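Colleague: what shape does this take:
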Amino acid sequence: MVTYRRKRQRLSGQRGVLLPICMICEETPSGGIAGGILVSGCFLCMRCEKEIVRTRVGDSRYFDLKEKIKKIWDQP
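Modeller: Purely as a prediction, here's the structure:
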């Protein structure tokens with residue numbers, strides 16, 4: 001399930017804008033939904049997507065990324 005954050009600032013007369021939150025870093029990319037991809041209904045920002053692709057098994061961040069990716073697959 002994609003998690004969204006409501007942006008408080010009004011844009012072009014719109015009441016509010018919903019922005020996705022990355023499942024890995026829990027941040028909202030500046031490009032909104034265009035700043036990442038959906039995987040099994042969960043949003044990943046491009047920065048985290050690149051980090052996942054480049055991380056090697058022996059890297060210190062590997063275990064943390066692996067655990068967060070498991071949460072994506074366990075989503076209902």
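Colleague: going forward, measure contacts between C-alpha atoms and count neighbours the same way
Modeller: Will do.
Colleague: the residue nearest in space to the middle of the chain: what's it in contact with?
Modeller: In the chain, the centroid-proximal residue (CA atoms, centre = their mean) is residue 22; its distance is 1.6 Å. Contacts for residue 22 were tallied using CA atoms under 8 Å, 6 or more residues apart in numbering; they are 3, 28, 29, 42, 43, 44, 45.
Colleague: what about the strands in this protein?
Modeller: For the chain, the strands defined by DSSP state E cover 3-7, 17-21, 36-39, 42-45.
Colleague: parallel or antiparallel, list what pairs with the third one.
Modeller: According to DSSP bridges, strand 36-39 has the following sheet partners: strand 42-45 (antiparallel).
Colleague: widest-spaced pair of the contacts of residue 22?
Modeller: Using CA to CA, the contacts of residue 22 reach their maximum pairwise distance at 29 and 42, which is 14.1 Å.
Colleague: residue 28 contacts residue 21, correct?
Modeller: Yes: in this structure, residue 28 is within contact of residue 21 by CA atoms under 8 Å, at 4.8 Å.
Colleague: quickly list what the closest residue to residue 38 other than its chain neighbours is bridged to.
Modeller: Among residues not flanking residue 38 along the chain, residue 44 sits closest, at 6.3 Å (CA to CA, 6 or more residues apart in numbering). Note on residue 44: beta-bridge partners by DSSP bridges are residue 37.
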